[in-house]
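*Asks:* compute the structure for the input listed below.
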Amino acid sequence: MKKNRLALLLTLVLLLLTLTLVVTNRTSTLDRKETSFAVSDTAAITKIFIADMDTNQVLLERKGLTWNLNGQHPAQSRKIDLLLNTMMKLRVRAPVSQAGHNTVISRMSGISVKVEVYQIVPFINLFDRIKLFPREKKVKTYYVGDATKDNMGTFMLMEGAKTAYIVYLPGFRGFVSSRFTAFADDWRDHVVFRHSLGNIRSVKMEFNADKEQGFLLEAQEMNNYKLTRLSDMHQTTSFDTLRVLNYLTSFSDIRFEALLNNKMPRPQKDSILASPFMHRITLTDMSGKQTVVTTFEKRATYDPRQVDYEFVPVDLDRLYGLVNDDKDFVLMQYYTFDKVLRPLDYLLGY
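*Replies:* Residues are numbered from 1 along each chain as shown. Have a look, this model is predicted:
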């Protein structure tokens, strides 16, 4: 009797599941396999691979609480968060019309970006309650095209699908193709200095045009500091302690504005690097690792409409810099860097 009841119960459950699947398929005219661009559980994503039709490609990998770019550089957390949020909220508006489908597919074959998404998923998943044997698996592969004519949607195609779709973000007016960039420079973290007060062993500040203002600031025991003038290596004890602390805490989060490695003609870049430097900062942390930043003057962009160009030929808002062991040529803002470009007189309280 009990066996009959169990068999009947299992039969009813199977019938309900079958009925649910049938109703779901009938109430939607879209193929779920071709339209499931969204990733509901972005916390389980481990890797994202993006490649365009040229040779540009990026591999974004989760490393604990941070993300890594191509196994070499830290990735921008803000851009990663934006990408994950986009992946989670993608929605399909409609399939591409039959009249324009071939045109869209032909265009996507030349300009689209391939996206592969990897997640930690269980090998056995029973009703989303019992999950066993987790493993990394490629869960989605799709192609991201350009924007629709009204710029309110993006053409996307699932790998192996026959139909392309117009995809959008609810509540967002615009297209999302720019968020799936395959250029590594777009994902690089812009941090130059990220040091807490207690992790700074010394800061060496050099001024090429005014060597009297250069100094070496070194941490001593018992939260004391030693300040030495670089021009004659004279040690001074009459400095403003509050200003010293304020100066050192400024290194907690300093970022450059833009990476220029591949965005400036080589002759122009070489000319700038051959010119006299303006400042050189050498920060040494408690482990002995050094971070060096060398800055260069940025000439103002010539504009015949600016009558004062001849009188102000230098850009007063930005300057160039070499960072990351002189491997990266960057654009920096005085607004951000002025706080760590202090002269010796500032620390002396003048």
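*Asks:* every contact and neighbour count from this point should use C-alpha atoms.
*Replies:* OK.
*Asks:* point out where the stretch 101-250 of the chain drops to low pLDDT.
*Replies:* 123, 125-133 (pLDDT under 70).
*Asks:* now the strands for it?
*Replies:* 113-126, 130-147, 154-158, 165-168, 191-193, 200-207, 215-219, 225-229, 234-236 (DSSP state E, counting those that start in this stretch).
*Asks:* closest to Asp338 out of those?
*Replies:* strand 200-207 (12.5 Å; Cα to Cα).
*Asks:* give me the residue at the spatial middle of the protein.
*Replies:* Closest residue to the average C-alpha location of the chain: Gln76 at 2.4 Å, with Cα atoms, centre = their mean.
*Asks:* would you list every one of the helices in the stretch 1-150 of the chain?
*Replies:* Under the criterion DSSP state H, counting those that start in this stretch, the stretch 1-150 of the chain contains helices at 2-27, 32-35, 77-89, 98-111.
*Asks:* tell me which of the strands of the stretch 101-250 of the chain lies nearest to Lys269.
*Replies:* Judged by Cα to Cα, the one of those that comes nearest to Lys269 is strand 191-193, at 20.0 Å.
*Asks:* list the neighbouring strands of the closest one plus their orientation.
*Replies:* strand 254-255 (antiparallel) (DSSP bridges).
*Asks:* run the chain-centre distance for the partner strand.
*Replies:* Counting by Cα atoms, centre = their mean, to the nearest Å, strand 254-255 is centred 14 Å from the centre of its parent chain.
*Asks:* give me the residues contacting the following helix or strand past it.
*Replies:* As assigned by DSSP states H and E, the chain's next helix or strand after strand 254-255 is strand 258-259. Strand 258-259 is contacted from outside by 185, 190, 328-332, using Cα atoms under 8 Å, 6 or more residues apart in numbering.
*Asks:* and if you look at stretch 288-303?
*Replies:* Residues from elsewhere that reach stretch 288-303, judged by Cα under 8 Å, 6+ apart: 193, 201, 272-273, 275-284, 309, 312-316, 318-326.
*Asks:* pull out the buried residues from these.
*Replies:* 193, 201, 272-273, 277-284, 318-323 (16 or more other Cα atoms under 10 Å).
*Asks:* circling back: could I get the strands of the stretch 101-250 of the chain as TSV with distance to Asn85?
*Replies:* TSV is the format used below for the strands of the stretch 101-250 of the chain (distance: least, Cα to Cα, whole Å):
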stretch	distance to Asn85
strand 113-126	14
strand 130-147	16
strand 154-158	16
strand 165-168	13
strand 191-193	23
strand 200-207	36
strand 215-219	43
strand 225-229	45
strand 234-236	53
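*Asks:* ranges for the helices of the stretch 251-350 of the chain?
*Replies:* Going by DSSP H, counting those that start in this stretch, the stretch 251-350 of the chain shows helices at 266-274, 334-337, 344-348.
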